[in-house]
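Trainee: Could you work out the structure for the sequence below:
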Amino acid sequence: MNTLPETPARTGWLPRGSLLLTRRALGPDWRAGFLFVAPMVLLIGGLIAIPFLDAIRLSLTARHGSDNVFVGFSNYTDLLGDPFFRTSVSNTVLYTAYSEVFKVTAGLMAALLLHNLRRGRAVVTGLVLLPWVIPTVVTAVSWRSIFDPLFGSLNFVLTQLHLGPLLATVHLVPQWPTTWLADPQLAMSSVILVNVWKGIPFFTINFLAGLKAIDGQLYEAASVDGANAWRRFLHVTLPGLRYVMLVTVLLSTIWTFNNFDLVWLLTQGGPGSSTALYTLFAYQKAIQQLQLGLGSAAAVLLLPISAILIFILARHLRSGERLTTGARRWSSSSPARIAVRVTFAALVVLLFVLDRGLFWRSAAVFAVLVVLGVLVGRGAELLSGRSSAGLGVSRAGRVPIWIGLAGLLFFMLAPLYWMVATAFKSDLQITTRTSLLWPAPWTIEQFTGLLADNAFGLWFRNTAVVAAVSTVVAVSLSALAAYALARLRFRGAATLTGAVLLTYVMPGALLFIPLYQILSRAHLIDSLWALFVAYPTFTLPFACWFLMGYFRGIPQDLEEAAMTDGATRLQAFRLIILPLAKPALLAVGLFTLTNAWNEFLFAFVFITDEGLKTLPLGLQSMIVGDVVPWGQLSAASILISVPVVAAYAYAQRFLVEGLSVGAVKG
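Mentor: I've put the predicted structure just below:
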């Protein structure tokens with residue numbers, strides 16, 4: 001009896017022999033893997049890889065008339081001799097280094113306080129999260145209002161507490177009353193303060209998740225050996241947090257180093273060039289002065305710093321090591337620890353050389369912060385009368401913790417209270433500085449004026465449309481790609497995982513110049529399509545990386561059982577994996593939605609049409625020269641923040657879980 005040979009129709013679209021060879025070469029899951037990752041690869045390739053290469057090409061050109069001509073490395077040599085560029089690099093180093101030092105310190109202290117809180121932790125954590133949740137433009141408006149020497153509250157409060165003259169006496173400020181953002185000596189300190197205020201919640205959440213993962217038996221063993229709270233902190237808490245701390249600091253450093261919107265909205269790089277970062281320098285050269293080559297060269301020249309940080313981050317994320325078990329590696333004489341100490345010492349010397357005044361002011365504030373933290377911890381231990389895993393467990397021992405939390409909440413919420421109070425004042429109350437800290441009477445005059453005098457409804461609609469489209473694209477494509485990278489075996493998966501991380505932390509300052517050119521040639525500038533195209537450059541890689549950590553934690557037996565019963569890979573993904581990943585999808589959808597809701601740089605560069613402005617652009621356009629409508633800006637800030645805060649209040653537990661499981665461990 002003759003047997004018919006097996007046809008390609010029965011085994012796929014390849015003959016059996018070719019199929020086996022292909023499976024060996026590309027991996028057993030290559031067809032599903034390629035199918036799932038293809039949309040994201042095409043999008044990232046078109047919106048990040050090609051613009052990245054185009055940025056390098058542009059950096060080798062200069063504008064002559066209407067054409068860009070090849071000039072080799074002359075842009076780079078010009079930059080190295082440009083004092084304004086050197087100043088911007090120096091400012092970027094100062095801004096990043098001091099911001100990270102204070103965010104790590106304050107975030108760790110906040111996490112320790114919350115970790116030892118027995119009641120109300122979720123509520124307090126939600127309040128601490130608010131500065132991170134609200135849009136950056138709202139942060140800038142609130143703090144500019146607080147810093148304002150005429151209408152702000154900071155000078156008034158410090159004067160009433162007799163702290164302002166004391167600051168002048170010890171030379172922490174040049175004179176009193178002072179002009180925080182208009183004084184070249186204080187402007188950098190002021191923008192660092194705002195960045196720290198906004199960044200503390202991110203560190204707090206991640207450190208809190210890390211503290212929960214430390215085995216309590218380690219604390220008990222240390223207590224039995226007679227270790228006090230300080231020694232337990234040094235030998236148990238810090239080693240236990242080393243992995244989370246490293247990843248969090250690296251991520252935040254990359255973001256801070258490439259920051260644009262916060263500093264631009266606060267000072268636009270002034271006064272003079274005292275707060276001009278390299279990202280602002282690149283924007284001014286490329287967009288304002290149309291020197292695309294010089295602007296691209298400025299971004300490319302600083303890329304190696306980001307590349308080094310990305311390499312270190314990727315290395316630790318791939319290894320997934322918990323360095324708590326590496327006692328021998330991290331002994332006092334280990335090469336890794338010696339390298340850390342040498343790097344830290346070199347950084348301290350560099351900061352001192354770059355700006356001695358800022359160095360001593362920061363050192364004084366840091367010393368005060370550390371002393372307060374030690375006093376809270378020591379007081380809790382003494383009042384509790386026992387050595388335990390936490391700062392203290394008795395009722396008396398919790399008193400210092402609540403005092404510390406009260407100070408933390410005051411620092412985090414006072415700017416938001418000032419924004420709310422200003423929004424409900426009349427113009428007369430604002431200009432005459434009556435009822436400074438409490439509106440009397442409360443009025444909705446600013447809200448009615450905002451809606452009558454500005455196209456706020458149009459800005460809101462544009463923002464909602466752009467954010468919704470960006471979120472749908474990011475969540476849909478990233479879910480497919482993240483599942484393939486986390487669960488399927490095919491050639492190139494590891495390389496693509498690293499590429500996702502690379503594109504996630506790719507500086508916007510490097511991409512907006514070539515993207516501007518690409519969108520101009522496609523006639524998409526001044527259309528919402530420009531934002532539809534540009535926003536996936538930062539939402540899609542993050543969403544993919546975020547979801548990979550979740551998918552790795554779902555038992556693989558579930559989908560294999562479904563496939564054994566006849567389901568295809570796509571059906572198993574849709575019917576089994578997606579329902580189990582609903583919390584993750586909600587968290588990543590919320591995060592990408594708010595990122596698109598808050599985005600400023602791309603919208604600022606690509607949109608000039610009044611009818612197409614998003615909310616951040618609309619608020620920025622309300623400031624005309626020296627005329628700042630503080631009341632209407634505060635009212636608009638509240639209306640912008642309410643949807644985001646409400647969404648985070650609803651999904652807070654998913655976000656916290658996502659940061660600890662998806663973003664940090666992914």
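Trainee: for the stretch 351-500 of the chain, what are the low-confidence residue spans?
Mentor: 383-397 (pLDDT under 70).
Trainee: again but with the chain, I slipped
Mentor: By pLDDT under 70, the low-scoring segments of the chain are 1-26, 65-66, 313-337, 339-340, 383-397, 651-666.
Trainee: Domain map for it?
Mentor: The record assigns the chain these domain ranges, following automatic domain parsing: 39-52+455-621, 89-274+314-438+655-666.
Trainee: can you tell me which of those comes nearest to Gly293?
Mentor: Distance to Gly293, taken as Cβ to Cβ, is lowest for domain 39-52+455-621 among these, at 9.3 Å. For every residue, glycine as well, the C-beta is placed using N, CA and C.
Trainee: Figure out the length between the terminal residues of that closest one.
Mentor: From its first residue to its last, domain 39-52+455-621 covers 36 Å (Cα to Cα, to the nearest Å).
Trainee: ditto for stretch 155-164
Mentor: Chord length of stretch 155-164, first to last residue, is 7 Å (Cα to Cα).
Trainee: I'd like the distance from that stretch to the chain centre, please.
Mentor: When distances are taken as Cα atoms, centre = their mean, to the nearest Å, stretch 155-164 is centred 32 Å away from the chain's centroid.
Trainee: that older thread, deepest of the domains of the chain, which one?
Mentor: Among the domains of the chain, ranked by average contacts under mean count of other Cβ atoms under 10 Å, first place goes to domain 39-52+455-621 (a mean of 20).
Trainee: Show me where the stretch 1-150 of the chain has its strands.
Mentor: 61-64, 67-70 (DSSP state E, counting those that start in this stretch).
Trainee: For these, could you give me JSON lines that also reports distance to Ala479 and mean neighbour count?
Mentor: What follows is the strands of the stretch 1-150 of the chain, written out as JSON lines (distance: least, Cβ to Cβ, whole Å; neighbours: other Cβ atoms under 10 Å):
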{"stretch": "strand 61-64", "distance to Ala479": "39", "mean neighbour count": "16"}
{"stretch": "strand 67-70", "distance to Ala479": "40", "mean neighbour count": "11"}
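Trainee: between these, which gets nearest to Leu294?
Mentor: Across those, Leu294 has its closest neighbour in strand 61-64 (7.4 Å, Cβ to Cβ).
Trainee: Quick one: list the elements packing against that closest one.
Mentor: When contacts are defined as 3 or more Cβ pairs under 8 Å, 6 or more residues apart in numbering; DSSP states H and E, strand 61-64 sits against strand 67-70, helix 74-80, helix 292-301.
Trainee: separation between Ser59 and Val71?
Mentor: With distances defined as Cβ to Cβ, to the nearest Å, the gap from Ser59 to Val71 amounts to 10 Å.
Trainee: Distance check, the nearest residue to Phe411 once chain neighbours are set aside against Ala106.
Mentor: Spatially, and ignoring its direct neighbours in sequence, Phe411 is nearest to Trp197 (7.2 Å; Cβ to Cβ, 6 or more residues apart in numbering). With the distance defined as Cβ to Cβ, Trp197 ends up 9 Å from Ala106.
Trainee: just Ala543 next, same as before
Mentor: Using Cβ to Cβ, we find Ala543 at a distance of 28 Å from Ala106.
Trainee: so is the closest residue to Gly272 other than its chain neighbours in a helix, a strand, or just coil?
Mentor: Residue nearest to Gly272 in three dimensions, not counting chain neighbours: Pro184, with 5.9 Å by Cβ to Cβ, 6+ apart. Counting by DSSP: H, G, I helix; E, B strand; the rest coil, the backbone at Pro184 sits in coil.
Trainee: right, and Pro184 touches Gly269 too?
Mentor: No - if you go by Cβ atoms under 8 Å, Pro184 and Gly269 don't touch, sitting 11.6 Å apart.
Trainee: how about the helices of the stretch 301-450 of the chain, start to end?
Mentor: If DSSP state H, counting those that start in this stretch is used as the criterion, the helices of the stretch 301-450 of the chain fall at 303-319, 335-354, 356-384, 398-423, 427-432, 445-453.
Trainee: Tell me which of those lies nearest to Ile214.
Mentor: Shortest separation from Ile214 across the helices of the stretch 301-450 of the chain is recorded for helix 356-384, at 16.4 Å, computed as Cβ to Cβ.
Trainee: now the closest one against helix 398-423, angle please.
Mentor: With axes from the mean of the first three to the mean of the last three Cα atoms, to 10 degrees as the criterion, the two stretches helix 356-384 and helix 398-423 enclose an angle of 130 degrees.
Trainee: quick check: angle from helix 356-384 to helix 335-354?
Mentor: Here helix 356-384 points in a direction 130 degrees away from that of helix 335-354 (the same axes, to 10 degrees).
Trainee: who's in contact with the closest residue in space to Thr179 that isn't next to it in sequence?
Mentor: The spatially closest residue to Thr179, leaving aside those adjacent along the chain, is Pro149, at 4.8 Å (Cβ to Cβ, 6+ apart). Taking Cβ atoms under 8 Å, 6 or more residues apart in numbering as the contact definition, Pro149 lies against 155, 177-180, 182.
Trainee: Now secondary structure too, for those, in TSV please.
Mentor: Compiled in TSV, the contacts of Pro149 are given as follows (three-state DSSP):
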residue	secondary structure
Asn155	helix
Pro177	coil
Thr178	coil
Thr179	coil
Trp180	coil
Ala182	coil
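Trainee: Switch the domains of the chain over to a markdown table; also include distance to Ile640.
Mentor: Conversion of the domains of the chain to a markdown table gives the following (distance: least, Cβ to Cβ, whole Å):
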| stretch | distance to Ile640 |
| --- | --- |
| domain 39-52+455-621 | 5 |
| domain 89-274+314-438+655-666 | 6 |
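Trainee: Which elements pack onto the helix or strand harbouring Leu241?
Mentor: Under the assignment given by DSSP states H and E, the secondary-structure element containing Leu241 is helix 238-257. The criterion is 3+ Cβ pairs under 8 Å, 6+ apart, and the helices and strands that helix 238-257 contacts are helix 83-115, helix 187-213, helix 303-319.
Trainee: which strands and helices sit next to the first one?
Mentor: Put plainly, it is helix 83-115. Under the contact definition 3+ Cβ pairs under 8 Å, 6+ apart, helix 83-115 sits against helix 121-133, helix 187-213, helix 238-257, helix 278-283, helix 335-354, helix 356-384, helix 398-423.
Trainee: Dump those to a markdown table, plus distance to Val505.
Mentor: Listed next are the helices and strands packed on helix 83-115 as a markdown table, based on distance: least, Cβ to Cβ, whole Å:
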| stretch | distance to Val505 |
| --- | --- |
| helix 121-133 | 18 |
| helix 187-213 | 14 |
| helix 238-257 | 5 |
| helix 278-283 | 14 |
| helix 335-354 | 20 |
| helix 356-384 | 26 |
| helix 398-423 | 26 |
